[in-house]
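J.: Here is my input, please return the structure:
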Amino acid sequence: MGNGETRVRGIAARAGGWSAKHRWAAVGIWVLFVVLAMGLGSAAGSVEVKESDQLGGETHTAAKIIEDAGIDEPASETVLIQAKGTSVKATDAAFRAAVADVIKAVDGTGKVTDVQSPYDTDTLSKDGRSALVQFDMRGDAETAGDRVEPVLKAVADVQKDHSELRIEEIGGASMNKTFDDAFGDDFKKAELSAVPVALGILLIAFGALVAALLPVALAVTAIMATMGLMGIVSHLQPMDDTASSVMLLVGLAVGVDYCLFYLRREREERAAGRSPEAALQIAAATSGRAIIVSGVTVCVAMAGMLFTGLATFEAMGLASLMVVAVAMVGSVTVLPALLSLLGERVEKGRIPFLHPDKRRKNGKGGGKTGTGNGESRFWTAVLKVVLARPAISLVVAAGALLAVAAPALGMKTQNLTLDQEFGDSLPIVGTYNRVNDAFPGGSEPAEVIVKARDINAADVQSALADFRARAVSSGASRGPVDIKLHDAENIAFVYVPLVGGSDLDKAGESLDKLRDEVRPATLGKVDGVQAPITGQVAGSKDFNDQLAGAVAPVFAFVVVFAFLLMLLSFRSLTIAITSIVLNLLSVGAAYGILVAVFQHGWGASLVGAEGVGAIITWLPLFLFVILFGLSMDYHVFVVSRIREAHLRGRSTKDAIQHGVVTTAGVVTSAAVIMVAVFAIFGTLSMQSMKQMGVGLAAAVLIDATIIRGVLLPAVMALLGERNWYFPKWLNRLPDLTHDEAPEPVSPPQPPAVEGDRVGV
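T.: Below is the predicted model of the structure:
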């Protein structure tokens, strides 16, 4: 086998070899898989996560009682009538006339039911300037936002006739409509713009249209197939919209990355003079192996979400795991087939001045970041400093990241209130604040779901009355406490406005009084009565408590299994340990940036995050799992190249230099794509999405630069040959290193062509 042809072995090499030989079959199987997955998923339909499964604790118990009873809670709406000055009171004739007009207007739409006057329910503010007209939307609560427009118009018409008053509506239906109108298109544009952004960066990276389209095509088809699979799997594990959005982000990131790694290596080997067949074999055995190791590690990290016990997290974890697995399989099967089919045509659609061949002809070797031999000029300069002073580089870089991570020690998490989530960007936020100021806790009251054998029994009714009185006398609520009976189901709904209102810390203290003092002394004394307390504040507390309990098992699962995978894949105890430590450091730095920007407000104006003051509850654990998985992409790819060079006879120091600088182009391109895609979500108006986008983008940027370019080479340079330490007592463990660098067989190469020192 001349001309640099190689003999390779291992699952990635065998998969690539089979696909290259049976290219039409491989492409056909992939297309059939995507079509079947989408078709079966569409036929099966999708099962959405139930409210009763979303949370644990009392919130779950309350939702389960309501669900089992078959009670469909309607979407409740409230109209605030408020005097603009101090001269008008709710008892005045003009004010009463406005209330009557509101009641007549909303009732006249035919879209509402159970309209209640503030004079009957005593929903008048203490200062006498405000009143609440309350009613429910007819029909399904989940679709009430689609039917609320006539009601909103009716209220707006009443406002025109009473300029001395402020008359505005708020509630579940009106908020859903407002958010959908304001941010529905925002989300769609963000998701749709991610693909063109990735394609644009790939065009710059490859300088050829066909080569740039391949990674995007693989990622998009992997996402399409996974969407179908999600429909099928949802019958075992219900899914939701959040899981779909996360799946799209992760699928685009890893799908493009994996294809980029593979395609770049195949290009590199062809540029070195290998035959197309040999170049494809080498790419399969090296980059293909790195993709499998990385993909399995990412899948393990995503599986960590299954240990949270939270249905939304479980759905996100399973959806992400599936799309990574699909993208990984596609990268090592259909991609070699496509490259074999295209051959030199993969370079079609060359872009002047961007294609590597053009750069080489000009003698520029990749511009500012390249050298003539395919190694990054910038990272060559950085590595020269790092490898000359590894101890100093380690101390400076690690110290800087620890300083960045320090604010995370004071992280405060909570479910964001409406004003925290949207600031003053929506008029309805002002309404929310005015309702809370006039009726603390009234916009989001605690809900006590009371279930008894006979809800109308004397002892139960007495306990309900006692609970209502003590809720106010204890200081947990200023009232009014409203009770709605469902006689047929023997259930009562008790609505308790909490002192503290939108201040979740103070409202949480009021909730604790209800749960720990008021309930045991009243409803708790009646045999056979269940009285779980739910609502926004309760949901936030229960969510925090359940997440806190899930942190340890999720952390242990992800870290231990990632460690084992790195240990078996690189056959080095040292590399496994350093990989985990470096990944934890990058996650910690991302946490620190989030807390500094969104909690403390340092530089918050740059991302439009003034006044948030907290990190949304679900984000820290979500970021840990996602980032720990995604950061393995670069780490596995770079370390694989270093180990490959070391196995081919280079010294550890030279192998580090070679591995980092020859992967710089592909890792930089992959990182820029990830950062750009995540940064798109950092531009959204919702603070939770902004936090997610900024956190992911910052972590990937740190990982691809400081971790990969400074800390990793510095640590490996200091360890020297100890990088490859593997205790003898571990030799019985499975050996997953068989896909290492292919050795040339009887190479008739001129001396100038040395191993892997090739052009990009």
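
J.: May I ask you to name the longest helix in this structure?
T.: Of all segments of type helix in the chain, defined using DSSP state H, the longest is helix 536-570.

J.: Now do that helix: which elements does it pack against?
T.: For helix 536-570, the elements it packs on are helix 57-69, helix 287-303, strand 413-414, strand 446-451, helix 504-513, helix 573-594, helix 619-647, judged by 3 or more CB pairs under 8 Å, 6 or more residues apart in numbering; DSSP states H and E. Just so you know, the C-beta spots here come from the backbone N, C-alpha and C atoms, and that holds for glycine as well.

J.: wait, Val677 sits on Leu199?
T.: No - between Val677 and Leu199 there is no contact under CB atoms under 8 Å: 11.3 Å.

J.: Please enumerate the helices of the stretch 201-350 of the chain.
T.: 209-233, 241-271, 276-285, 287-303, 311-332, 334-342 (DSSP state H, counting those that start in this stretch).

J.: Minimum distance to Asn415: which of those helices has it?
T.: Shortest distance between Asn415 and these, using CB to CB, is found for helix 311-332: 12.5 Å.

J.: helices or strands up against the closest one?
T.: Packed next to helix 311-332, using 3+ CB pairs under 8 Å, 6+ apart, are helix 11-21, helix 51-54, helix 209-233, helix 241-271, helix 287-303, helix 619-647.

J.: and the angle for it with helix 619-647?
T.: 20 degrees (axes from the mean of the first three to the mean of the last three CA atoms, to 10 degrees).

J.: tilt between helix 311-332 and helix 57-69?
T.: Going by the same axes, to 10 degrees, helix 311-332 makes 90 degrees with helix 57-69.

J.: Begin at 43 from now on, thanks
T.: Done: numbering now begins at 43, and the last item shifts to helix 353-374.

J.: Put the alpha carbons of helix 353-374 into PDB.
T.: Provided in PDB are the C-alpha atoms of helix 353-374 (Å, rounded to 0.1, in the frame of the first residue of the first chain):
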ATOM      1  CA  ALA A 353     -40.200  16.300  34.300                       C
ATOM      2  CA  THR A 354     -39.000  19.400  32.300                       C
ATOM      3  CA  PHE A 355     -35.400  18.600  33.100                       C
ATOM      4  CA  GLU A 356     -35.900  14.900  32.200                       C
ATOM      5  CA  ALA A 357     -37.400  15.900  28.900                       C
ATOM      6  CA  MET A 358     -34.500  18.300  28.200                       C
ATOM      7  CA  GLY A 359     -31.900  15.700  29.100                       C
ATOM      8  CA  LEU A 360     -33.500  12.900  27.000                       C
ATOM      9  CA  ALA A 361     -34.000  15.200  24.000                       C
ATOM     10  CA  SER A 362     -30.400  16.500  24.100                       C
ATOM     11  CA  LEU A 363     -29.100  13.000  24.600                       C
ATOM     12  CA  MET A 364     -31.000  11.700  21.500                       C
ATOM     13  CA  VAL A 365     -29.900  14.600  19.200                       C
ATOM     14  CA  VAL A 366     -26.200  14.100  20.300                       C
ATOM     15  CA  ALA A 367     -26.400  10.400  19.600                       C
ATOM     16  CA  VAL A 368     -28.000  10.900  16.200                       C
ATOM     17  CA  ALA A 369     -25.500  13.500  15.200                       C
ATOM     18  CA  MET A 370     -22.600  11.300  16.400                       C
ATOM     19  CA  VAL A 371     -23.800   8.300  14.400                       C
ATOM     20  CA  GLY A 372     -24.400  10.500  11.300                       C
ATOM     21  CA  SER A 373     -20.900  11.900  11.600                       C
ATOM     22  CA  VAL A 374     -19.200   8.600  11.500                       C
END
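
J.: so what's Arg65 closest to, chain neighbours aside?
T.: With CB to CB, 6 or more residues apart in numbering as the criterion, Arg65 has its nearest non-adjacent residue at 3.9 Å, and that residue is Ala379.

J.: Let me know whether that neighbour touches Gly70 as I believe.
T.: No - with contact defined as CB under 8 Å, Ala379 does not count as touching Gly70 (9.3 Å).

J.: Which of those two has more residues huddled nearby?
T.: Neighbour count, other CB atoms under 10 Å: between Ala379 and Gly70, Ala379 has more, with 24 against 13.

J.: separation between that one and Ala55?
T.: Distance of Ala379 to Ala55, given as CB to CB, to the nearest Å: 14 Å.

J.: ditto for Ala511
T.: From Ala511 across to Ala55, the span is 76 Å (CB to CB).

J.: With Leu610 instead?
T.: 18 Å.

J.: ditto for Arg690
T.: Arg690 sits 17 Å away from Ala55, going by CB to CB.

J.: The two - which one has more neighbours?
T.: Shown here are Arg690 and Ala55; by other CB under 10 Å, Ala55 has more neighbours (26 against 17).

J.: Looks like the more buried one contacts Ala325 (just checking).
T.: No - Ala55 lies out of contact with Ala325 (CB under 8 Å); the separation is 9.4 Å.

J.: could you point out where this structure is predicted with low confidence?
T.: Applying pLDDT under 70 to the chain flags residues 43-51, 93-96, 224-231, 233, 395-418, 466, 483-485, 544, 653, 777-802.

J.: What strand or helix carries Ala534?
T.: Following DSSP states H and E, one finds Ala534 within strand 533-538.

J.: sorry, that was for Asn218
T.: Counting by DSSP H and E, Asn218 is found in helix 214-221.

J.: Could you do Asp696 as well?
T.: For Asp696, the host element (DSSP H and E) is helix 694-723.
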